[in-house]
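Undergrad: give me a model of this one.
(one chain, ligands or ions: 1)
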Amino acid sequence: MTRIGVNGAAGRMGRTVIETAADREDLEVVVGFDVADVDAVRGVPVVDASDVGTGLAEYEPSVVVDFTLPESTVALADACAEAGVGMVVGTTGFDDEGFDRLESASEAVPVLKATNFSRGIQALLRTVREAVGALDGYDLELTETHHNDKVDAPSGTAKTILETVQEQRDVEPVYGREGHAPREDDEIGVFARRAGDIRGEHELVLAGNDEVVSLSHRAEDRAVFAAGALDAAAWLADRDPGWYEFGAVVDDT
Ligand code: NAD
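TA: Residues are numbered from 1 along each chain as shown. Presented below is the predicted three-dimensional model:
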């Protein structure tokens, strides 16, 4: 039974991770951390995140699953590196410095970071690689839609799709268009929409002169991300220190 901690336990994803874990027999959420004034979520004690080191020592999770904000994740990374606790990072929106701090932690403990923990997105990325490689010269446009509380834009998943496209083709992102904005051949338009409680939609359009290919994914419930993050946590628990990708979990399980 893998002992799991959840950073951001009172948030949308943190709560969903705790709810999803309740149905699993291979792992148990033993502690949550949050800055919100919440004592427990579904019976899981929630410790003040400013005291994360003490909470790690007291509850001894093997891995902490993190869905918070970048500044919270890097603070957690320092504490996990010191305590010898692995990390599954779902938080998005890191700048280069934050990313470097996570990489530093991975020298001491296993760290697995993914901008999207759905298996469907992993399959989509493989399809994107193949389609962009096959359809040379087709115009590419990327759109993502998320709930109205999302703070970072474009989404981490859109950035991952963009990076996957750029592995195949040298295109420059253009974030939104306004005014006189004729399209260049080597650009990819990237658009972020925010509305309602939409869990996450992504669409890459590849358009030739007489045909359009549309590759899209829609998450219908946050449970899909929670399940993937928990699969990653169970997989990561016995690994050596290092940097790991969710694709390896999907390939293995
Ligand atoms: P949310 O705002 O509902 O929850 C965030 C939680 O973090 C809140 O409870 C907040 O109080 C807590 N928090 C803030 N500062 C903290 C700190 N210093 N220490 C501990 N907790 C702190 O947000 P959400 O919708 O759950 O999303 C969280 C993150 O997860 C976002 O970056 C989002 O983009 C990302 N996300 C990733 C995936 C994925 O599959 N990788 C899926 C969904 C969301």
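Undergrad: may I see the buried residues of stretch 71-81?
TA: 72-77, 79-81 (16 or more other C-beta atoms under 10 Å). Yep, even glycine has a C-beta here, placed from its N, CA and C like the rest.
Undergrad: same check, this time on stretch 30-48
TA: Buried, per 16+ other C-beta under 10 Å, within stretch 30-48: 30-34, 38, 41, 44-47.
Undergrad: within reach of the ligand, which of the residues you listed are there?
TA: By C-beta under 6 Å from any ligand atom, the members of the buried residues of stretch 30-48 lying near the ligand are 33-34.
Undergrad: show me the two of the buried residues of stretch 30-48 that sit farthest apart.
TA: Val30 and Val38 (16.1 Å; C-beta to C-beta).
Undergrad: run a quick neighbour tally on Asp170.
TA: By other C-beta atoms under 10 Å, the residues close to Asp170 number 7.
Undergrad: okay, now the unreliable bits of the protein?
TA: Of all residues in the chain, none has pLDDT under 70.
Undergrad: how about the residues of it near the ligand?
TA: So far as C-beta under 6 Å from any ligand atom goes, the chain lies against the ligand at 7-8, 10-14, 33-36, 49, 67-69, 72, 90-93, 114-117, 156, 225.
Undergrad: got a quick ChimeraX command for the buried subset of those?
TA: Here is the ChimeraX selection string for the buried members of the residues of the chain next to the ligand, based on 16+ other C-beta under 10 Å:
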select :7,8,10,11,13,14,33,34,49,67,68,69,72,90,91,92,93,114,115,116,117,156,225
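Undergrad: strands - which of the residues of the chain next to the ligand land there?
TA: Per DSSP state E, strands hold the following members of these: 7, 33-34.
Undergrad: tell me what the longest helix seen in the chain is packed against?
TA: Counting by DSSP state H, the longest helix found in the chain is helix 119-134. On a contact count with 3 or more C-beta pairs under 8 Å, 6 or more residues apart in numbering; DSSP states H and E, helix 119-134 meets helix 156-168, strand 201-207, strand 212-218, helix 223-236, helix 246-252.
Undergrad: any idea which of these is most buried?
TA: Stretch with highest mean neighbour count among these: helix 223-236 (a mean of 23; mean count of other C-beta atoms under 10 Å).
Undergrad: so what touches that helix?
TA: Helix 223-236 is touched from outside by 2, 4, 13, 16-17, 19-21, 24, 26-27, 63, 65, 67, 86, 88, 90, 110, 112, 114, 116-120, 219, 244, 246, 248-249, 252-253, with contacts defined as C-beta atoms under 8 Å, 6 or more residues apart in numbering.
Undergrad: again with stretch 33-45
TA: By C-beta under 8 Å, 6+ apart, stretch 33-45 touches 5-11, 14-15, 18-19, 22, 29-32, 46-50, 52, 55, 59, 64, 72, 76.
Undergrad: hmm, 6 Å instead?
TA: Applying C-beta atoms under 6 Å, 6 or more residues apart in numbering, the contact partners of stretch 33-45 are 7, 9-10, 15, 18, 29, 31-32, 46-47, 49, 52.
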